[in-house]
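**Q** Fold the following, please.
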Amino acid sequence: MEAYNVFKDLAIIIVFAKIFGILARKCKAPQVVGEIIAGLLIGPSVLGLVQQTDFLTGMAEVGVVLLMFSAGLETDLKELMKTGPVAFLIACAGVFVPLVGGTLLYMGFYGAAPWGSEKFYMAIFIGVIMTATSVSITVESLREMGKLRGKVGTTILSAAIIDDVIGIIVLTFVVGFKNPDSNPGKVVISTVLFFILAFVVGYVLYRIFKKIDDRYPHTRRIPIISLALCFFFSYIAERYFGIADITGAYVAGIVLCSMRDSSYIEEKMEVSSYMIFGPVFFASIGLKTNIDNINGNILLFSLCFVLVALICKILGCGLMARICRFRFQDSLKIGVGMMTRGEVALIVAQKGLSVGLLTPVYFTSVILLIIVSSILTPIVLKILYARDKQAE
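**A** I've put the predicted structure just below:
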């Protein structure tokens with residue numbers, strides 16, 4: 001593909017994403033819903049105007065990293081510490097219930113499998129895909145409504161980060177049982193080491209950044225160095241610890257969230273994220289979808305897969321939130337906010353393909369889950385918050 005074609009693709013994505021984002025807001029839906037639909041429309045499934053490329057995949061990855069960095073910057077650290085233990089319990093329930101639900105779904109369609117068989121591991125892996133949570137769309141929706149800094153928003157953010165870590169550990173264990181060369185215990189140690197390193201290095205960097213901020217307040221060098229820190233943490237997390245890069249980006253945001261100029265940094269990040277990287281990320285979800293190979297059996301399985309995945313997240317996270325003494329309405333918001341799937345589910349599914357735990361035909365189910373959850377979650381969250389406003 002000629003290098004200059006990327007400019008045509010970016011122009012189409014930005015224009016369509018903006019138009020459909022405006023239409024979504026006119027329909028009282030969050031803007032991200034329109035951007036995802038725009039990606040589906042211009043992608044190979046409908047008009048075929050834009051094809052997914054390595055360049056666009058890289059742009060989308062930068063987009064989600066910036067989004068999670070901004071989420072970290074907007075986090076209230078005191079509220080995060082307060083909700084940490086509760087978020088851990090919610091995350092555990094949000095992994096366990098979908099894991100069981102996905103396994104039972106596969107066995108319900110294709111029959112029970114004996115322990116240790118190929119079919120058994122495939123059933124378990126369907127459950128593993130369901131455990132992944134993508135909080136980026138929920139973050140953007142809560143930000144649009146001005147609810148990201150609240151107790152519910154902070155709990156969802158904390159639980160989603162912990163959820164991804166637990167999901168990666170579960171994935172490694174499943175792959176480890178399937179592949180004797182893998183070391184499931186190593187990922188546990190790596191995860192613990194990453195957060196220890198993040199705490200120690202993060203505190204040192206916070207003191208350094210604070211001194212720079214005191215000496216050169218409200219200058220552009222602060223956001224520039226902060227962006228470098230975001231990318232550095234993302235790289236370290238993925239390259240050396242096997243943790244999702246978005247977790248590293250979120251931790252980088254947490255490190256800087258207590259700075260005096262944290263809102264100024266976030267404001268500068270928002271410009272590039274809003275104008276180009278964000279639309280590319282959300283549109284890429286639609287671009288990845290290809291419905292050419294769907295038959296009746298796969299379609300039925302995919303519909304059940306989506307339904308079970310959504311219900312299990314709401315039940316697991318919502319019930320645990322209720323047990324932790326959240327109001328029923330807030331528990332429902334947490335359950336709904338945790339049901340989105342995105343890049344982590346795609347990474348897990350791709351890993352399954354590479355090790356033989358998933359066949360390509362089921363990738364359609366994962367894409368359908370990502371699209372449905374990405375569209376439904378912002379809409380349902382907006383309805384739930386609107387009801388709160390009416391009640392007040």
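**Q** So which residue of this protein lies furthest out from the middle?
**A** Arg215 (36.1 Å; C-alpha atoms, centre = their mean).
**Q** May I see the buried residues of stretch 271-283?
**A** Ser273, Ile276, Phe277, Gly278, Pro279, Val280, Phe281, Phe282, Ala283 (16 or more other C-beta atoms under 10 Å). Placement of C-beta: from N, CA and C, glycine included.
**Q** related to what we said a few turns ago, where's the residue farthest from the centre of the chain relative to Lys268, distance?
**A** Arg215 is 18 Å from Lys268, where distance means C-beta to C-beta, to the nearest Å.
**Q** From the contact counts, what lies against the helix or strand that contains Ile169?
**A** In this assignment (DSSP states H and E), Ile169 forms part of helix 151-178. Packing partners of helix 151-178 (3 or more C-beta pairs under 8 Å, 6 or more residues apart in numbering; DSSP states H and E): helix 77-110, helix 118-131, helix 136-145, helix 184-215, helix 245-256, helix 328-337, helix 343-355.
**Q** Output the buried residues of stretch 271-283 in CSV; the columns should cover pLDDT, secondary structure and distance to Val200.
**A** Formatted as CSV, the buried residues of stretch 271-283 follow (pLDDT from 0 to 100; DSSP: H, G, I helix; E, B strand; the rest coil; distance: C-beta to C-beta, whole Å):
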residue, pLDDT, secondary structure, distance to Val200
Ser273, 76, helix, 29
Ile276, 84, helix, 35
Phe277, 84, helix, 30
Gly278, 81, helix, 32
Pro279, 85, helix, 37
Val280, 86, helix, 35
Phe281, 83, helix, 31
Phe282, 79, helix, 35
Ala283, 83, helix, 38
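**Q** now, which of these sits nearest Ser331?
**A** Proximity to Ser331 was ranked across those by C-beta to C-beta; first place goes to Phe282, at 27.3 Å.
**Q** ok, the closest one - contacts?
**A** Ala17, Val32, Glu35, Ile36, Gly39, Gly63, Ile137, Ser374 (C-beta atoms under 8 Å, 6 or more residues apart in numbering).
**Q** Now the fourth one: which helix or strand?
**A** Secondary structure assignment for Ile36, by DSSP H and E: helix 31-42.
**Q** residues in contact with that helix?
**A** By C-beta under 8 Å, 6+ apart, helix 31-42 touches 12-13, 16-17, 19-25, 46-47, 49-50, 137, 140-141, 144, 278-279, 282-287, 289, 371, 374-375, 378-379.
**Q** Can you select the buried ones from these in ChimeraX?
**A** To isolate the buried members of the contacts of helix 31-42 in ChimeraX, using 16+ other C-beta under 10 Å:
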select :12,13,16,17,20,21,24,50,137,140,141,144,278,279,282,283,284,285,286,287,289,371,374,375,378,379
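**Q** Out of the contacts of helix 31-42, which sit inside strands?
**A** Among the contacts of helix 31-42, DSSP state E puts none in strands.
**Q** Could you list which of the contacts of helix 31-42 belong to helices?
**A** Among the contacts of helix 31-42, the ones falling in helices (DSSP state H) are 12-13, 16-17, 19-25, 137, 140-141, 144, 278-279, 282-287, 371, 374-375, 378-379.
**Q** What ranges in the stretch 201-350 of the chain fall below the confidence cut-off?
**A** Residues of the stretch 201-350 of the chain meeting the criterion pLDDT under 70: 289-295, 342-344, 346-347, 350.
**Q** any weak-confidence spans in the stretch 1-150 of the chain?
**A** 1-3, 28-30, 76, 79-80, 83, 115-116, 136.
**Q** picking up where we left off before, what's the closest of the contacts of Phe282 to Thr154?
**A** Checking the contacts of Phe282 one by one against Thr154 (C-beta to C-beta), the nearest turns out to be Ile137, at 16.9 Å.
**Q** Check which residues of the helix or strand harbouring Tyr240 are buried.
**A** Per DSSP H and E, Tyr240 falls inside helix 221-241. Buried positions in helix 221-241, judged by neighbour count with 16+ other C-beta under 10 Å: 222-223, 225-227, 229-231, 233-234, 236-237, 241.
**Q** and the gap between Gly21 and Val380?
**A** Distance from Gly21 to Val380, by C-beta to C-beta: 19 Å.
**Q** let me fix that: Phe363
**A** For Phe363, the distance to Val380 - C-beta to C-beta - is 26 Å.
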